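Undergrad: sequence and computational prediction follow.
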Amino acid sequence: MSLMYTRLAETLRHPGRRTLNVVAALVCAGLLGFAWYLQLWVGLAPCPLCLLQRWVFYVMTAVFLLAALFPGHARLPWLWAGLSGLLGAGGAAIAARHVWLQGLPPDQVPACGPDLHGMLDSFGLGETLAMTLRGTGDCAVIDWSFLGLSIPAWALLWFVLLGLAGVIINSLLPR
């Protein structure tokens, strides 16, 4: 029993790559859980850009879990570092676009369009993605904020932090 506590204490003092990847995956899962809470219990309907950001968080969760399960010895950690960095940068770009739309004056906000499912039914995946990235009037609405930051601003912050963490964890830390 004391050996188990000794190992736990050592892991908490000097977490390795696997432990930190699990923590990062749990952070992503927590953010997704909060998004679902806001949608299902608070009643905030996500706009197309919000849904796109959610998907990036889903993929980041999977990458962090895969990095924890398969840390590798040679080049594999660099794959996880690269993927988490690219996903963080891509998610940050989408969130930055969303924050920019929210900062537009009301007369410059694009017109509202169909929801993401409606666009997928009417257009192909490529056109839907292009329309989503352009944003709609729905994306410019600020329904919720905390400490003066809207949901996309928080997402931007988390994408940057998680992307950097993924690069550092998987490229600099020992297994």
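TA: Happy to help now that I have it. The structure displayed is predicted, hence computed values, not measured ones.
Undergrad: which strands and helices sit next to the one helix or strand residue 91 maps to?
TA: Assigned by DSSP states H and E, residue 91 belongs to helix 76-102. Contact here means 3 or more C-beta pairs under 8 Å, 6 or more residues apart in numbering; DSSP states H and E; on that basis helix 76-102 packs against helix 17-37, helix 48-69, helix 151-172. (Each C-beta comes from the backbone N, C-alpha and C, glycine too.)
Undergrad: buried sites along that helix?
TA: Of all the residues in helix 76-102, those buried under the rule 16 or more other C-beta atoms under 10 Å are 77, 80-81, 83-85, 87-88, 90-92, 94-99, 101-102.
Undergrad: apart from its chain neighbours, what residue comes closest to residue 86?
TA: The shortest distance from residue 86 to any residue other than its chain neighbours is 7.9 Å, reached at residue 163 (C-beta to C-beta, 6 or more residues apart in numbering).
Undergrad: nope, residue 164 is what I was after
TA: When the adjacent residues along the chain are set aside, residue 164 lies closest to residue 88, with 6.8 Å between them (C-beta to C-beta, 6+ apart).
Undergrad: how about that neighbour, what does it touch?
TA: Residues touching residue 88, when contacts are defined by C-beta atoms under 8 Å, 6 or more residues apart in numbering, comprise 60, 159, 160, 162, 163, 164, 166, 167.
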